[in-house]
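In: Compute the structure for the input listed below.
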Amino acid sequence: MNDVKDWLWLVKTNKGDFCITVLGKWTQEEAASKIRLVFKGIKLDITAMIPRNRATGPGDAMGTIYEQEAPKDKLGFNFLAGKKLWELYGRGAEYEAELIRWGKEREEAQKEDRNED
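Out: So this is what the prediction gives:
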């Protein structure tokens with residue numbers, strides 16, 4: 001029962017609907033509580049949470065909660081917001097900048113890996 005599970009919810013709010021993926025060794029109820037914590041933290045009221053089948057595809061995810069291997073804080077998980085959530089708070093340009101930064105970091109890491117070989 002130590003397998004990482006992959007849960008997907010359609011989370012409805014008054015500001016829009018979001019597909020949120022939760023990855024971790026949690027039960028469905030525990031994973032749902034993580035979503036509630038995140039949305040409370042970003043001050044979005046949840047009007048409904050609907051579990052979805054994974055068949056909707058990982059591309060539908062607009063945010064991901066994942067378990068920390070070695071918990072760094074009392075929450076024990078991280079949240080990666082998708083573009084729609086960033087744009088909701090007028091931070092779409094910041095999201096795009098982060099994507100560019102992550103892409104450059106990944107390219108540099110790949111170059112370093114090739115140089116080590």
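In: what secondary structure does R106 sit in?
Out: Recorded secondary structure, R106: helix (DSSP: H, G, I helix; E, B strand; the rest coil).
In: quick one, domains of this structure?
Out: 1-81, 82-117 (automatic domain parsing).
In: Output the ones you listed as CSV; include the columns mean pLDDT and mean neighbour count.
Out: Backbone N, C-alpha and C define where each C-beta goes, glycine included. Converted to CSV, the domains of the chain look like this (pLDDT from 0 to 100; neighbours: other CB atoms under 10 Å):
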stretch, mean pLDDT, mean neighbour count
domain 1-81, 81, 14
domain 82-117, 73, 12
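In: List the contacts of the residue nearest to I65 when sequence neighbours are not counted.
Out: Leaving out its chain neighbours, the residue that sits closest to I65 by CB to CB, 6 or more residues apart in numbering is V22, at 4.6 Å. Contact analysis of V22 by CB atoms under 8 Å, 6 or more residues apart in numbering lists K5, D6, W7, L8, W9, A31, K34, I35, T64, I65, Y66.
In: who touches the fifth one in this structure?
Out: Meaning W9. C19, I20, V22, A32, I35, M49, I50, P51, R52.
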